[in-house]
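*Asks:* my questions concern the predicted model and sequence given below.
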Amino acid sequence: MSVTGPRLQPTLFERSRPGRGGGKIPHPPKDALDRLPAEARRTTPPALPEMNEPDVVRHYVNLSQLNFAIDTGFYPLGSCTMKFNPKLNEWAARLPGFANLHPLTPDEAAQGTLQLLWELEGALAEISGMQAVSLQPAAGAQGELTGILMIRAYHRSRGDTDRDEVLVPDSSHGTNPATASMAGFRTITVRSAADGGVDIEAFKAALGPRTAAVMITNPSTLGLFESRIGELLEAVHAAGALAYMDGANLNAILGRFKPGEVGFDVMHFNVHKTFSTPHGGGGPGAGPVGVGEALVPFLPTPRVLRDDDGAFRLERHGERPTSIGRLRSFVGNTGVLVRAYTYIRAHGASGLREVSDDAVLAANYLKHRLAGTFDVPYDRPCKHEFVASAASLKARTGVRTLDIAKRLIDFGFHPPTIYFPLIVEEGMLIEPTETESVETLDAFAEALITIAAEAEATPETVKSAPQTAPVKRLDEAAAARHPNLRWRPMAGAEVPCPD
Amino acid sequence: MSVPKDLRYTRDHEWVRLDAEEATVGITAYAADQLGDIVFVELPDEGQRLDQARPFGVVESVKAVSDLFAPVSGEVVAINAALAAGPELVNSDPYGDGWMIRVRVADASQLDELLDGEAYDALVAAG
Amino acid sequence: MPYGPHTSADREHMLSTLGLASVDELFADIPADLRASALDLPDPEPELELAARLQALAGRNRTDLVSFLGAGVYRHWSPPAVDQLLLRGEWYTAYTPYQPEVSQGTLQSIYEYESLLGELVDLDVVSASHYDGAAATAEAALMACRATRRERVLVSRGVHPHYRQTLATYFGGDLELDEVPLHSDGDAAGTTDLAALERMLADPDRAVAGVIAANPDFLGLIEPMRRIGELAHAAGALFVAVIEPVSLAVLAPPGAYGADIAAGEGQPLGIPPQYGGPYLGVLASTDALVRQIPGRLVGMTTDLDGQRAFVMTLRAREQDIRRDKAASNICTNQALLALAASIYLADIGPHGLRDVAAIGAARAAELETALAGVGVARLHPGPYLNEFAIRVPGARSVHRKLLERGVLAGLVLADIEPDDPNLADGLLVCATEVTTPAEIVQFAETLDGVLEGRPPVGVEAGAGEDSQTAASVGSAR
């Protein structure tokens, strides 16, 4: 075990020693809790670890070094848009005037944040071509739910109550069908066409009086622009249904394509993808939704409003009875939205367009570099991401895409998204983003080409990767068959603690 | 990989063995292999009525999940309780200890609609 | 573009490699009639100027007020270690730990979060994590419906109004949601009406999947949780406890009074108020419900060399695998906030957490005494921890006058519960360990002045609105 490299760590609980810690909080008066009834009191204190601050700090610094992160290297994760997270964003969100503001502060005492949110709504509406935007949803998936609930409210408001189906392509994100189910709809999955695009004819055939909505990702999860989207949207509206756009891939089309202008009725934004708010190891995000005219009455509450005197305020409870209601407490993930606002202002109109231009150029460049080595099932210009496949390589060598992904770790890269979308055999979905240099793109391409050569010459090297990570491949079956989801001294004792 | 010839099969990779009026149901070795390491099997309650070709449970592996479809209609008379603690039995002994449910068959003629071993082998071979 | 690495030579190199003259050719697949109109947004802003703009906006927020506002979001001392550690890029710029070999930091931290929160709520399984307390409560209600295969949930009106409104949105389809009233008077005023609950549970045609109650409730009062759970279980329903995590250092935890599911807002564990989020939705359950709980779970396992390691597990419940049959559509979670809560708990420790809860209770008692001294009484007689409602005739106007004098006198209850006549004159006020005795005196004296009709004293209104230093208010967050 190296002295300087990252090392596995004992848990907080193993580091605990009775009597450590303290000095943070003054001691309360002895009788502070006497007026609570005995049956309401806790009898056994929670067995939280007792540590001093130096140990806490080392624990979390050492643990952090076991992580790959944007700040340590390149993340070619398709459909995730892992771009650089600007440090100004973090600074802004921590300004005390933003960070310390209680969400129920009266409007007149919260004008700075309300103005920021109001301006951000306007910017997102302009970027998407939508009429109005709600910043409430806490993440993209909640934005999807918001959109589908608004669509349901729209149909009901017209007395159109038989529409219980949502159509999605087979390449869609899993959140699309899961959202439709949550909102009480049945999902109809439509096969993609041979070129990877939505199959317009199949969609038209599936549309009918029971269709409530279609959910489309454009560019698609294969990184391809749906050129016939106009035709599809016409058919959707002719059938009385509405069109939902999954905005996960917005990073490809800033300033080039505005979903609202071509007839999408609602879309969500993943600000942690397009607008550089950090992923945080899985969250938080924010998933604002933009809507066209038909859905404005149904937007969640509260909206941010500007009165005639120029003052900003939150919509009052019950002020707009057509609203679908609220999806969460308070106004939204404001701390995340401050970061997105900062990013949009830093870029402006010209900068945002350049973001997409560079993201698309980088993806096409990388695809070109890999085309001789891997299968590229859809060989036409891609948008911000593309699918490569190791199907031929696997047939020759037995090396799977999973092995290649794990071997990339030994070369210092995070693996790309693999086996998604499910419709491509041995697929790798690669998204370089606009913030990686040509040198990084070249180094990544060289690594993949080297790994392909290894697969031919010494396949075991690839199959047993990674060798250099803090741990080897894990026993995921044992983890799921006999879940150990919480520290208990006895359970932990079965596996020795590191160090 | 050829399958036992004394069983009947569905196109969804369930097998069924009929003893008098009771049928034992599981999934084929091919299905278990395709799913990978099986980590959980969700089974119906005893006494529940099953309809042929309708889902009766769910099988989960580390990274996939699949519905289980009833090969025949009838009433569940037993479930394999050993799978709760040992779902890996479905991988290690799919036609034996990895069985899933026993059903009192409503109409034995439904078995005639299922594939025999050769037809199932052909289905698997065709991919 | 401020963060892009490409020089014009780099772009030229990539284009020529592709045999293209212009990047526009890569967008030729967008048909002409679908192309966007020009983006009508301001020009890019250099960092220096943008920073000044942001400071000016932040400065327009009145975070300099002497505040007694809680109502679901609480100011606490967060040791600086929490935020300094969160600012490590290895934490906040990492992706979801789908590749466990290069994510052991995040994975172990989530396992520790599950364990720490498991201790607090005294339940077996903690999901890591949900958007906020309201969304976690809605997921708990959906869990109860799945587990019992019933479609009706009862929620006490003592649960935060935003949570109840969120439940109503989530239940807008085929599921039924009914509200259990609170006692309007007597010793139990402001807590769940148990007789009404029993009647609602008895309806034979509308079996109940789950009963949801909060402790402390929205009005700060201690609820008879054990009794509510017994009634729920007697009717075959699950019991969902909505909790506030700091209080669990001193109040009986859900596991001790028979709750099947706990849900709540984790913000008090070291997370700043930041006008609504991001926060931390806490969701936990008994082992029996492990297959029904949505959201991420991390388990301990071993690697091929037999080393202890951590991995996301039971993933087949999630949307990326189960699609339309998933337990929830949740994808992004609140991992960074779960990390903040874990660091907070590790740094403040079990004794520190108890002290936080106990000082809050002591300060709240001081506040009650000080307000009584100027003739303002509580609205309810029952026991509370650190938050309570007071009766102030003309509450909304008094609240505004206090604001003009630099005091944020809690929440105007009629603004958030406009339909409840029992709360028409109510203000909901709270104290925590960051509330000082001097602030309590200032609140009481200023309130007395407003009630007596005295004009404001100039110096009390605090610093000017644009003052960034005044907005820092030292430790309070």
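*Replies:* Received it, and whenever you're ready, just let me know what you need.

*Asks:* A:Gly281: what secondary structure?
*Replies:* coil (DSSP: H, G, I helix; E, B strand; the rest coil).

*Asks:* that one: how many residues sit nearby?
*Replies:* If you count neighbours by other Cβ atoms under 10 Å in any protein chain shown, A:Gly281 ends up with 28. All C-beta atoms are positioned from the backbone trio N, CA, C, and that covers glycine.

*Asks:* shouldn't it be in contact with C:Leu339?
*Replies:* Yes - at 6.9 Å, A:Gly281 counts as touching C:Leu339 under the criterion of Cβ atoms under 8 Å.

*Asks:* shared neighbours of those two, anything?
*Replies:* With contacts taken as Cβ atoms under 8 Å, 6 or more residues apart in numbering or on different chains, A:Gly281 and C:Leu339 have C:91, C:106, C:109 as neighbours in common.

*Asks:* closest one of those residues to B:Arg8?
*Replies:* Nearest to B:Arg8 among the shared contacts of A:Gly281 and C:Leu339: C:Thr106, at 48.0 Å, using Cβ to Cβ.

*Asks:* quick check, the closest one in a strand?
*Replies:* No - going by three-state DSSP, the assignment for C:Thr106 is helix, not a strand.

*Asks:* that one: what's its closest spatial neighbour, skipping adjacent residues?
*Replies:* Leaving out its chain neighbours, the residue that sits closest to C:Thr106 by Cβ to Cβ, 6 or more residues apart in numbering or on different chains is A:Gly281, at 4.1 Å.

*Asks:* check C:Pro97 too.
*Replies:* Spatial nearest neighbour of C:Pro97, excluding adjacent residues (Cβ to Cβ, 6+ apart): C:Ser103 at 3.3 Å.

*Asks:* now B:Asp12
*Replies:* Ranked by Cβ to Cβ, 6+ apart and with sequence neighbours excluded, the top spatial neighbour of B:Asp12 is B:Phe69, at 4.6 Å.

*Asks:* the one you found: neighbouring residues, count only.
*Replies:* The tally of other residues near B:Phe69 (other Cβ under 10 Å) stands at 20.

*Asks:* what sits against it?
*Replies:* B:Phe69 neighbours (Cβ under 8 Å, 6+ apart): B:10, B:12, B:14, B:53-56.

*Asks:* which of these fall in strands?
*Replies:* B:14, B:55-56 (DSSP state E).

*Asks:* of those, just the buried ones, ChimeraX syntax please.
*Replies:* The following ChimeraX line selects those of the ones in strands among the contacts of B:Phe69 that are buried, judged by 16 or more other Cβ atoms under 10 Å in any protein chain shown:
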select /B:14,56
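
*Asks:* nearest to A:Ile216 among the ones in strands among the contacts of B:Phe69?
*Replies:* Using Cβ to Cβ, the ones in strands among the contacts of B:Phe69 come closest to A:Ile216 at B:Pro55, 28.6 Å.

*Asks:* quick one on the thing from earlier: need the shared contacts of A:Gly281 and C:Leu339 in a markdown table with pLDDT, can you?
*Replies:* As requested, these are exported to a markdown table (pLDDT from 0 to 100):
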| residue | pLDDT |
| --- | --- |
| C:Trp91 | 98 |
| C:Thr106 | 97 |
| C:Ser109 | 98 |
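
*Asks:* need the pLDDT of C:Pro79.
*Replies:* Note on C:Pro79: pLDDT of 98.

*Asks:* that one contacts C:Leu345, correct?
*Replies:* No - using Cβ under 8 Å, C:Pro79 is not in contact with C:Leu345, being 10.8 Å away.

*Asks:* if you count surrounding residues, which of the two has more?
*Replies:* C:Leu345 (29 against 21).

*Asks:* that one against A:Met51, yeah?
*Replies:* No - in this structure C:Leu345 lies outside contact range of A:Met51 using Cβ under 8 Å: 10.0 Å.

*Asks:* quick check: longest helix of chain B.
*Replies:* helix B:117-125 (DSSP state H).

*Asks:* what packs against that one?
*Replies:* In this structure, helix B:117-125 packs against strand B:8-9, with contacts taken as 3 or more Cβ pairs under 8 Å, 6 or more residues apart in numbering or on different chains; DSSP states H and E.

*Asks:* on that earlier part again, and which of the ones in strands among the contacts of B:Phe69 is nearest chain A?
*Replies:* Looking at the ones in strands among the contacts of B:Phe69 and their distance to chain A, the nearest is B:Pro55, at 14.8 Å (Cβ to the nearest Cβ).

*Asks:* what sits against that closest one?
*Replies:* B:67-70.

*Asks:* for B:Glu75, same thing?
*Replies:* So B:Glu75 contacts B:47-50, B:103-104, B:106 (Cβ under 8 Å, 6+ apart).

*Asks:* buried among these? Make that a ChimeraX selection.
*Replies:* Per 16+ other Cβ under 10 Å, the buried members of the contacts of B:Glu75 correspond to this ChimeraX selection:
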select /B:50,103,106
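
*Asks:* and which of the contacts of B:Glu75 is nearest A:Asn100?
*Replies:* Using Cβ to Cβ, B:Gln48 comes nearest to A:Asn100 of these, at 56.1 Å.
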